[in-house]
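Enquirer: 3D, please:
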Amino acid sequence: MKIGLCGTMSVGKTTLVNALKKLEQFEGYEFATERSKYLKGLGIPLNTDSTLKGQTVFLAERCTELMHESVITDRTIIDVMAFTQNAESIDYKDKEYFNEYAVNFLKEYDYIFYISPEGIDIEDNGIRETNANYRISIDNTITHLTRTYGHRIKNLHMLKGTTNERIEQMLGFIQL
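Expert: Residues are numbered from 1 along each chain as shown. Got it, this is the predicted structure:
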């Protein structure tokens, strides 16, 4: 089963994936978590500075994750599309073409869980963007994309609350 978590920065996606690693139900799964430090070290611009080449690398990473039989990842194609839409250096037409291509991979997820930023403060990890307005813009774009392309996703659900509450919600949705 291919499970992806999507949401704006600093909503607990990586924390949730790390908690799911410990559960017996997901034994044998591959787990993919935040790679921002590694990518930034390669010179790939992140967040508002992202480029079309950089977003293409991110898309390739998500596609690589989808090649696993059983995977849980803290980023999805939706996230890549949202950050592409909000990148200042990418031309409008290129954003449109990029997302038209990227959307084709959404059907490969068995489940995508959107994590709401409601009630969660931005945590500064030294890499992620901490601008509150940018965070809101990414979240608005993600919710817009899930409404627009939700019909291409087999199972799309929202998670809220603590990590343990999110785990309980997920397990209630997933058919293991």
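Enquirer: strands along this protein, start to end?
Expert: 2-6, 30-32, 71-73, 111-115, 156-159 (DSSP state E).
Enquirer: quick one, which of these is nearest to N18?
Expert: Smallest distance to N18 across these (Cβ to Cβ): 7.8 Å, for strand 30-32. In this view, the C-beta of every residue, glycine as well, is placed from N, C-alpha and C.
Enquirer: one step back: looking at the strands of the chain, which is nearest to D94?
Expert: Of all these, strand 2-6 comes closest under Cβ to Cβ, at 21.8 Å.
Enquirer: compute the inter-axis angle for the closest one and strand 111-115.
Expert: 20 degrees (axes from the mean of the first three to the mean of the last three Cα atoms, to 10 degrees).
Enquirer: so what strands line up beside strand 2-6?
Expert: Here strand 2-6 has these sheet partners by DSSP bridges: strand 71-73 (parallel), strand 111-115 (parallel).
Enquirer: could I get those strands as JSON lines with mean neighbour count and distance to Y134?
Expert: Listed next are the strands paired with strand 2-6 as JSON lines, based on neighbours: other Cβ atoms under 10 Å; distance: least, Cβ to Cβ, whole Å:
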{"stretch": "strand 71-73", "mean neighbour count": "24", "distance to Y134": "22"}
{"stretch": "strand 111-115", "mean neighbour count": "23", "distance to Y134": "17"}
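Enquirer: dump those to JSON lines, plus mean pLDDT and distance to T146.
Expert: Formatted as JSON lines, the strands paired with strand 2-6 follow (pLDDT from 0 to 100; distance: least, Cβ to Cβ, whole Å):
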{"stretch": "strand 71-73", "mean pLDDT": "98", "distance to T146": "16"}
{"stretch": "strand 111-115", "mean pLDDT": "97", "distance to T146": "6"}
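Enquirer: on that earlier part again, in a markdown table, list the strands of the chain along with distance to V80.
Expert: Compiled in a markdown table, the strands of the chain are given as follows (distance: least, Cβ to Cβ, whole Å):
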| stretch | distance to V80 |
| --- | --- |
| strand 2-6 | 10 |
| strand 30-32 | 13 |
| strand 71-73 | 11 |
| strand 111-115 | 13 |
| strand 156-159 | 16 |
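Enquirer: out of the ones you listed, nearest to G12?
Expert: Closest among these, using Cβ to Cβ: strand 111-115, at 6.4 Å.
Enquirer: what residues does the closest one touch?
Expert: 1-7, 11-13, 16, 76, 78, 106, 142-143, 146, 153-160, 166, 170, 173-174 (Cβ atoms under 8 Å, 6 or more residues apart in numbering).
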